[in-house]
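Chemist: output the structure for:
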Amino acid sequence: MTTIDDIRDNFSVLDDWDDRYRYVIELGRTLEPMPEQEHSAENKVQGCVSQVWLSRHVDRANGAPVLSYRGDSDAHIVRGLVAILLSLYSGRTPQEILATDALAVFDEFGFREHLTPQRSNGLRSMVERIKSDAREALADAS
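Modeler: As a prediction, this is how the structure comes out:
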């Protein structure tokens, strides 16, 4: 899986937004395939114009819970946004998730000016879903 630092480095050399969009779409193609049974109503993210699914797995084997995700979307650009989110959040503890401001990272990459309001709302919905999962995992752990 591509790390957020890899993505940041690649974005820094791509000045043209057409190239950046192509890169985001390419990131979406690197997502681990999501099994069909995980394309469920429970995993569907509400508030997205495109169809988006996030399935979570909580690993408590080493004491502190660690949340891992698989994600998918029916829109190429959104699959890429999901890939960026998963590079930020998947494999992290709830505390790390809650301390990470994904929207600030997306702003750093310049997405605020280049995403439609609907896509921006969908992105916020995905982030809120992951942060909600983190809060729930923390509550279950206590």
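
Chemist: and stretch 86-97, how far out from the chain middle?
Modeler: 10 Å (C-alpha atoms, centre = their mean, to the nearest Å).

Chemist: wait, stretch 115-133
Modeler: Centroid displacement of stretch 115-133 relative to its chain, using C-alpha atoms, centre = their mean, is 9 Å.

Chemist: what does that stretch rub up against?
Modeler: The contact list for stretch 115-133, computed with C-beta atoms under 8 Å, 6 or more residues apart in numbering, reads 45-50, 52, 54, 56, 67, 69, 77-78, 81-82, 85, 89, 97-98, 102-103, 106, 111-112. From N, CA and C alone the C-beta is placed, and that goes for glycine too.

Chemist: OK, contacts around the nearest residue to Leu98 once chain neighbours are set aside?
Modeler: Of all residues not flanking Leu98 in the chain, Ala134 sits nearest, at 5.3 Å (C-beta to C-beta, 6 or more residues apart in numbering). Neighbouring residues of Ala134 by C-beta under 8 Å, 6+ apart: Leu67, Pro94, Gln95, Ile97, Leu98.
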